[in-house]
Structures are given as C-alpha cells and as structure tokens.
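Trainee: Sequence and predicted structure below; questions after.
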Amino acid sequence: MSAFLTSFPPLEKGDVKLKTEALKKVIIMILNGEKLPGLLMTIIRFVLPLQDHTIKKLLLVFWEIVPKTTPDGRLLQEMILVCDAYRKDLQHPNEFIRGSTLRFLCKLKEAELLEPLMPAIRACLEHRHSYVRRNAVLAIYTIYRNFEHLIPDAPELIHDFLVNEKDASCKRNAFMMLIHADQDRALDYLSTCIDQVQTFGDILQLVIVELIYKVCHANPSERARFIRCIYNLLQSSSPAVKYEAAGTLVTLSSAPTAIKAAAQCYIDLIIKESDNNVKLIVLDRLIELKEHPSHERVLQLVIVLKKEVIKTNNVTEHEDTDKYRQLLVRTLHSCSVRFPDMAANVIPVLMEFLSDNNEAAAADVLEFVREAIQRFDNLRPLIVEKMLEVFHSIKSVKIYRGALWILGEYCCTKEDIQSVMTEIRRSLGEIPIVESEIKKEAGELKPEEEVSVGPAQKLVTEMGTYATQSALSSSRPAKKEEDRPPLRGFLLDGDFFVAASLATTLTKIALRYMSLVQEKKKQNSFNAEAMLLMATILHLGKSSLPKKPITDDDVDRISLCLKVLSECSPLMNDIFNKECRQSLSHMLSAKLEEEKLSQKKESEKRNVTIQPDDPISFMQLTAKNEMSSKEDQFQLSLLAAMGNTQRKEAADPLASKLNKVTQLTGFSDPVYAEAYVHVNQYDIVLDVLVVNQTSDTLQNCTLELATLGDLKLVEKPSPLTLAPHDFANIKANVKVASTENGIIFGNVVYDVSGAASDRNCVVLSDIHIDIMDYIQPASCTDAEFRQMWAEFEWENKVTVNTNIIDLNEYLQHILKSTNMKCLTPEKALSGYCGFMAANLYARSIFGEDALANVSIEKPIHLGPEAPVTGHIRIRAKSQGMALSLGDKINLSQKKTSL
C-alpha cells in the first residue's frame, strides 16, 4: 500500500484531477489481476463522497470489477457503505447520476446489495426525465430476471407504467420487458393500440414486430390477428422497420399478395439505400424469397405448365415442339417431387402423353410416374387407374415395357390384377398366336375383312399347312398390321424383350392373386391363364412368323417365370414381390443423393471469389515495398477488375506460367525467342519474347506466323528495331473457331544494320495448341447421352495401352487427362469384378459435345500386375473433335513416374 501511495498520486489528499488519475490506475491494476485488499476503505472514505461526474463514472467501473465478497462467499462489510452511497445517488437531483447508477445496478449480481435499493429504483419510474425512467425500466427488468423475489410484481408495475408513458424510448424498454417477462400482458397492451402502431416511433415498432413474429411462430392461429398490423408497418418511414416487417410478413402468410408486398418492400429498400452492405443483405433476402416459393405460387405455376403441355399435344408444325414438351414434363416432374401435394393435379394430365409418338417425352413421363408411384402411396390407385386407361394406346415398345413393369409391381387388389390381365389379353389379341396368325394368312378372314381378290396361288407353310396368297396390292397387309393389337405387333416385329417383361409382370400378379384369393379353383385358373400366355409367346418366338426370332436370353427368362409359377415357392414370391420394389427404392434414393451432391458442388462452384467491396490493386498506386512481387501487378489488377481471378499457382506447379512457356529457338541462334501461350475463351494470345544475342543492331525484325487447323491470325505483328543485346515483347492474337488441335508455326526475319546481305531468317519451333484448353466437364441425362450417341457420325476407337494396373485408377487418370465428367454413378463403379464400363461427357466452350464410352477389363489370367486392357470409343459431331480427343487419350494413357 505504501508503495502504491508513493508511486501514484495519493487518493487521500490532492485535488479531483489527481484522484481521477489515481483511480484510473487502480482500475487498470485490478483488471491486470493485482490484489489490493486494503484500498477499499480508502476509496470509500476519500473518493466516494466526491460529486465530480468523472469520478462517479470511474467509481461505477471500480465497483463493477472489485471483489465484493470474502473468500467464503459472504458480502464484505464495507459494501453496506457503498450501498448507502448508491441509494443517495438514486435520489440525486441530477438525472445523469441517477441514470448512470441505474445502469450500473443492471450489472450487479448480489441480491443483498440490491434489496435495500428497491424502493429508490421504483421511485425512479416516476422521475420527470425520460433518461432516468428508461434506465429504471431496464434495472427492474434485469433484477426481475435474476432475482424475481425482490420485485415479484414487476410485470404489472411495468404494464401500468407503459399505459401512461409518453416517451418512445421508455415505452420501447417497457414493452421489450413485457415480451420476455409476461407475453400475455404485452399482447393485451398491443391489442389496445394496434390501430395506432404506424404512429409509434421506429424503436417501438421494431419491438412490436419482434413480438408478432414470436407469437405467430409459437401459435400460427394468431396470424390473422396481426397480419394487418404488419401490412401497415411496411409503410413505415424507418428502413429497419420495413425490412423486419417484410421478413415477418413472409413467415405469417404465403399468399401471393403478401409475397408481392414483401418483395416490393425489399426492392424499395435496395433502390433507396446508398450503403452497399445494406443492399447486399436485402438482396440476399430477395433471392431467398425467390428460391423458396409458396404453395399458391407453385399451384399457379403448375396450372400454367399444364396448359402449355396440353397446347403442345398433337402439334407438329414446329420442329422444337417435342423438345419443348419434354422440358415441360421435366419441370412438372421437379415441381411434383419438391411439392408432393401437386402430384395429384399433374399425373392425370401427364399420363395422357404415354401414348405420345415422341418417345423421349413419353419416357420422361414414365420415369416421373415410376418415381411418383413409389414415393406417394396415396396416389397409387389413381396412377394404376390412369395407366390402365392409356395402356392400350401406347405406341412405343420401350414405354410399353415400363408400363407393364409398373402395373405388375403396384397392382395390389384383386380387381386391379384382373383388370391388368384383361388389358394384356386385349393387347395380345386372339391366342394361340401362331394358329390365329396362320389362319389369317390362310385367308380365314373375319366378315368385315373379306374383300374381293384376284387369282390366288396355294403355298405350303413351314408348319405343313396350306396358305393362300392373294393378288391384293401391298397396302392390304400394311392395313392388317395397323389393325393388330399393340403387344401382338411388337412380338411379330421380333421385339421379344417386351415378352420377357410381360412374363415377369404375369408372374408377379399371379403370385399376388394367389395370396389374395383363397379359392383353389380361381387360383389355378388365373395361374394357368398366365402360363398359357407365356407358352404361346414361346411358341411364337420359335416359329417363323416373327421378323426376328426370339433370343436365348428371352427364352430363359420366360422359362424361368413358367417354372416359378409351376412351383410357387415362398422364396420366389419374396424375390418377385418384395425385393424388386426394394431395388427401385434404393435406386431412387441413390439418385436423389447424387442430385443433392451435384447441386452442392454446383453451389460451391458458384461461390463468389471476389466480394464487391474487396480492394483492387492498381500498379500505379502500389507501394514501393510491394513492387518487389514477382507477379505481374498490371495483369492481376486487370483480371481483378474484370472479375476473373487466376488460380493460386503455388498450389499446382504444373499450372504455373513457366510451364506454359514454349522455347521457339535455340540458345545459340542470333535471335532467341520464347512464347507464353495464354488461351482465352475464343482466342489465343501469344506473348513472344525476342532477344538480340548479337552485337549488331537488327532492323525490321518481324515475327511471321502461320497456322494449321481451325486457327486464324488476327493481324500481322509490326516490325521493330532491336539494339545490340536488347529484347522486346511481341504480342499476336489468334482466333479459334472450333475444338480441335492446332499448330502455330513461323519464323523471325530481320536485317543487320550496315550489312549488304539479304534478309536473315530464324525458323521457330512449332507451337501445339492443346484441345484441353477448350474442353470443360458437363453433365446430361442417360437419354440425352444415348440420343447424341446415335446422332453423332464421327467415331474414334482408341485401344487401351497403359501401365496402370487398377481399373478405377485408370478411369480417374483418363478423366483428369481429358477434362471429361463420368456420367456413370459412383455406386455403379464401386466394387471389383474384373471389368468396368463407364460413360464420359464433356462440352467445349463453343458448345460442341464430346462423348466417350470406356470399356476396360483386368486380365486376371496374366497375374495381379497385368495392365488394364480394353477400348475407349469417342463420338463427336465434328471429325476434328473426335480425332483430337483420341490423340490426347493416346498421349496421356500411360502414367508417368515422378
């Protein structure tokens, strides 16, 4: 203590200024952890009685941080004197001292100190000055929250205070306390003045918005009570109130008028606010409003899309009608998956398109129906009913197979199963098929089909029966084929894959029918009918009537189904009726996970690398100590201004500028040249460094360039003069028109000053332009991939020749080397079975598509160290793209050892 008094101005003696400095140093020492136990009484005796405002403010800080209890937790005796001093300050005539003391009491955690002060705190609620009253409300709120027993009637007291109070800041504090302490009283007060809310001050309006949000979030039934109040607050003069009211309105109501009002409020704020930070925050909320549509808006969207889909039906005058319909179907699919309650409105309209001539649109509808019937149990009866209605009019065999599978998998009632069997019999026509077809060919026509014909000749069929061939024109058989039922027509055309699908469907519904119907006679009858249909199809496949015979795989599948129905084992029942549906569920889950992962990757790619308020470095304004940077400051500032930042080259040495420098001449040539090749989106910039290595002045030094491939030199570089051992940079622009490898070649010509000889020439090395600079990974659906694969006429088959021994490692190496994306799901590539097939896809910056199919295997018989073998087939629209991509794969197949 003596050391303190000698090193600091004394606290006992001296004027106010000296005591102020001493008290500041005492506070700093306590904050630094110093123990000053004997100092407390000195400050109480000599500093506490002072009336100086600065001293009083410092004392508030001192009493907040000084230890107030003994080591055993009891209150120090000296604090009774402090408490009495603050009771006097609460009754001080100066409003600043009263208000400061009330704010200090909010920080006290000792109930023994607060209890004697409660009458004085209550009295401050009636003080003439608003500064004292609003701090009194805060003090009462804090004490009630921490020590409710000291003032149990605080909510009632503050409610009465709020009703009679006129000052906005006091009302705001009182209302905020009621929100947290007694929400019912706060609502009672609000209901009495809800029509005058727009006349309140902005600080009170903000607290009212907070209350409405909390109440409606906890009890949605209260929304109608406060919606008008929030609408009124949208017209507030305070931007903060408008912003909060708009956000609350969106949570209260999803009606189009509410969304529109909130959006308009956000737009007004963006226009009127000058602060860019505020604009960005409001813009985020506006984007969020757009990305989370309401139910009513989705319903309106679905209605519009349904109308557009119906308009495109049977409209073929425009070549893009089919593509437009396909896009509409996919959009409705997405809406139904995101908003399941919309699916019931969409499905009946879309299922009409299963009979569409455009197979791509019908396939999209079928995919949607398959997903909907699996996800939404309540829609299964509706989907089955609509599927049975359109089943007979389906024209595409691929769609027919899918419809058969859906009906076989999800028909679960006896009536639906019998309806499916009826539709199948109707679609097959008269059975046995072979006998009925031979009868038709033999001329045993129905009465309506009998026509007068010319002379006929008798023929012997392969079955040993007679057939009559009429002299009718060839248009009659075509008409007969048109009159065939659809499934019968598919089979006679030789498409027996649909027969295998039909056998699976018949097996499923027969097994399910036997579990639903207990009568043995009906079970056997249905089972026999299903087996008869399969047998007649096998008979047809092995006859000469179809255009193409049945394949062995289809025979095996139909025979297996016949065996299953003949034995009816529980194991086969589980496989056909349970595990098939589980497989579909797993596939849809994997597809959903893959879509979420791709969306996450896309959102990560869209992250802004440069924020709007990030600084831009200008070379002219760079400090001297920053000029030592090895980076091109001008280029960096230009790229930053255009929003095109370069990747950090230190992370990948292979991507650095030095690795893009091409040496064009030798070190012993009179003129040394090297070029940095910078590839932009549609052009190539060659930055050529030319160095005069002679002691002569070179005049008319000109860079002459020519191109090979789809490259074009924009302008000829201007000639220049090089002093002895001088250097210069020459820039040349080359336009790129398509994605294929190109070569730039040329020479440097010059005259030697004072020499009478002809012009000198130095031939430059070729610059090879890599196709990888134009190719970017892209994605497409399986249907789009197959369609492009069928359309593209240029194919390049590359034989795998590599030293890589792992299939997955080779695939990843090819993806990295070609910038292509693997469309085959990762789960389909997982595991190890000795072979792998994957589809790759990429798109050039010119919009050209590149497809590749990787078919590779691991020759196990050659040992574990045997390299991967196989082929890569590349297809593209242009020859140059296919050849260039093939050359790239050939050059990079082998893994280089580092």
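Mentor: Done, it's in.
Trainee: can you list contacts of stretch 397-416?
Mentor: For stretch 397-416, contacts defined as C-beta atoms under 8 Å, 6 or more residues apart in numbering pick out 354, 359, 362-363, 366, 369-370, 373, 380, 383-384, 387-388, 391, 394, 417, 419-420, 423, 486-487, 490, 495, 497-498, 501-502, 504-506, 508-509, 512-513, 516-517, 580-581, 584. (C-beta placed from N, C-alpha, C; glycine too.)
Trainee: Now that stretch: buried residues?
Mentor: Neighbour counts over stretch 397-416 (16 or more other C-beta atoms under 10 Å) mark 397, 399-411, 416 as buried.
Trainee: Tell me the one of these nearest Tyr213?
Mentor: Tyr410 (44.7 Å; C-beta to C-beta).
Trainee: give me phi/psi at the closest one?
Mentor: Backbone geometry at Tyr410, expressed as degrees, to the nearest 10, gives phi -120, psi 10.
Trainee: Please report how far it lies from Ile267.
Mentor: Going from Tyr410 to Ile267 by C-beta to C-beta, to the nearest Å gives 48 Å.
Trainee: do Leu58 as well
Mentor: Distance from Leu58 to Ile267, by C-beta to C-beta: 50 Å.
Trainee: Could you do Cys170 as well?
Mentor: According to C-beta to C-beta, Cys170 and Ile267 sit 35 Å apart.
Trainee: go on, Gly247?
Mentor: From Gly247 to Ile267 the distance is 14 Å (C-beta to C-beta).
Trainee: out of those two, which sits in the more crowded spot?
Mentor: Gly247 (19 against 13; other C-beta atoms under 10 Å).
Trainee: now the helices for the stretch 501-650 of the chain?
Mentor: With helices called from DSSP state H, counting those that start in this stretch, the stretch 501-650 of the chain shows them at 520-542, 552-567, 570-574, 580-605, 633-642.
Trainee: typed the wrong thing, it's the stretch 301-450 of the chain
Mentor: Going by DSSP H, counting those that start in this stretch, the stretch 301-450 of the chain shows helices at 321-338, 343-350, 359-375, 380-390, 397-410, 414-428, 433-441.
Trainee: Report the inter-axis angle for the third one versus helix 321-338.
Mentor: Angle of helix 359-375 versus helix 321-338, following axes from the mean of the first three to the mean of the last three C-alpha atoms, to 10 degrees, is 10 degrees.
Trainee: how big is the angle separating helix 359-375 from helix 380-390?
Mentor: 150 degrees.
Trainee: Assumed Val690 was part of a strand.
Mentor: Yes: using DSSP: H, G, I helix; E, B strand; the rest coil, the assignment for Val690 is a strand.
Trainee: does it really touch Lys731, like I thought?
Mentor: No: Val690 is not in contact with Lys731 according to C-beta atoms under 8 Å; the separation is 11.3 Å.
Trainee: Looking only at neighbour counts, state which of the two leads.
Mentor: More crowded of Val690 and Lys731, by other C-beta under 10 Å: Val690, with 26 against 13.
Trainee: any idea how far Glu784 is from the more buried one?
Mentor: Counting by C-beta to C-beta - Val690 and Glu784 are separated by 49 Å.
Trainee: and if you look at Leu487?
Mentor: In terms of C-beta to C-beta, Leu487 sits 29 Å off from Glu784.
Trainee: what's the answer for Val661, then?
Mentor: In terms of C-beta to C-beta, Val661 sits 40 Å off from Glu784.
Trainee: how does this structure divide up, domain by domain?
Mentor: Following the TED database, one finds the domains of the chain at 296-391, 396-439+484-598, 657-769, 773-892.
Trainee: So for Ile43, which of those domains sits nearest?
Mentor: Of all the domains of the chain, domain 396-439+484-598 comes closest under C-beta to C-beta, at 64.6 Å.
Trainee: related to what we said a few turns ago, more crowded one of Leu487 and Glu784?
Mentor: Counted by other C-beta under 10 Å, Leu487 and Glu784 do not tie: Leu487 has more neighbours, with 27 against 15.
Trainee: For my notes, confirm that one occurs in a strand.
Mentor: No: Leu487: not assigned to a strand; according to three-state DSSP it is helix.
Trainee: How about it: what's its closest non-neighbour residue?
Mentor: Once flanking residues are discounted, Leu487 sits nearest to Ser427: 3.9 Å by C-beta to C-beta, 6 or more residues apart in numbering.
Trainee: do Val714 as well
Mentor: Val714's closest residue in space is Asn733 (C-beta to C-beta, 6+ apart), at 4.1 Å.
Trainee: Check which residues of the one helix or strand Ala262 maps to are buried.
Mentor: Element membership of Ala262, judged by DSSP states H and E, is helix 256-272. Across helix 256-272, burial judged by 16+ other C-beta under 10 Å covers 258-259, 261-263, 265-266, 269-270.
Trainee: re earlier: mean pLDDT for the helices of the stretch 501-650 of the chain: which is lowest?
Mentor: Least confident of the helices of the stretch 501-650 of the chain, judged by mean pLDDT, is helix 633-642 with a mean of 53.
Trainee: For the helix or strand following that helix, which helices and strands make contact with it?
Mentor: Per DSSP H and E, the first helix or strand lying C-terminal to helix 633-642 is strand 661-663. Applying 3 or more C-beta pairs under 8 Å, 6 or more residues apart in numbering; DSSP states H and E, we find strand 661-663 packed against strand 671-679.
Trainee: Would you mind measuring from Ser830 to Leu597?
Mentor: 15 Å.
Trainee: So those two - more neighbours on which side?
Mentor: Counted by other C-beta under 10 Å, Ser830 and Leu597 do not tie: Leu597 has more neighbours, with 11 against 8.
Trainee: Report the contact partners of the more buried one.
Mentor: Leu597 neighbours (C-beta under 8 Å, 6+ apart): none.
Trainee: Roughly how far does it sit from Thr824?
Mentor: Using C-beta to C-beta, we find Leu597 at a distance of 14 Å from Thr824.
Trainee: Next: Thr818.
Mentor: In terms of C-beta to C-beta, Thr818 sits 15 Å off from Thr824.
Trainee: And the two? Which one has more around it.
Mentor: The residue with more neighbours, out of Thr818 and Thr824, is Thr818; 22 against 16, by other C-beta under 10 Å.
Trainee: was I right about the more buried one contacting Ala852?
Mentor: Yes: contact status for Thr818 versus Ala852: in contact at 7.5 Å, counting by C-beta under 8 Å.
Trainee: Need the overlap of contacts for the two.
Mentor: Common neighbours of Thr818 and Ala852 (C-beta under 8 Å, 6+ apart) are 840, 885.
Trainee: Look at Asn839 and tell me its secondary structure.
Mentor: At Asn839, secondary structure determined by three-state DSSP is strand.
Trainee: Likewise for Lys731?
Mentor: strand.
Trainee: Check Arg875 too.
Mentor: Arg875 ends up strand, using three-state DSSP.
Trainee: so how many other residues sit close to it?
Mentor: There are 22 residues near Arg875, going by other C-beta under 10 Å.
Trainee: next one: the one 4 residues further on
Mentor: Burial of Gln879 is recorded as 12 neighbouring residues (other C-beta under 10 Å).
Trainee: Same question for Ala838.
Mentor: Ala838 has 21 neighbours, counted by other C-beta under 10 Å.
Trainee: and it, what does it touch?
Mentor: Ala838 makes contacts with 811, 822-824, 829, 853-854, as judged by C-beta under 8 Å, 6+ apart.
Trainee: which non-adjacent residue is nearest it?
Mentor: Thr824 (4.2 Å).
Trainee: was I right about that neighbour contacting Asn839?
Mentor: Yes: proximity of Thr824 to Asn839 meets the contact threshold set by C-beta under 8 Å, at 5.5 Å.
Trainee: what angle do whichever strand or helix holds Leu705 and strand 671-679 make?
Mentor: For Leu705, the enclosing helix or strand under DSSP H and E is strand 698-708. Here the directions of strand 698-708 and strand 671-679 differ by 40 degrees (the same axes, to 10 degrees).
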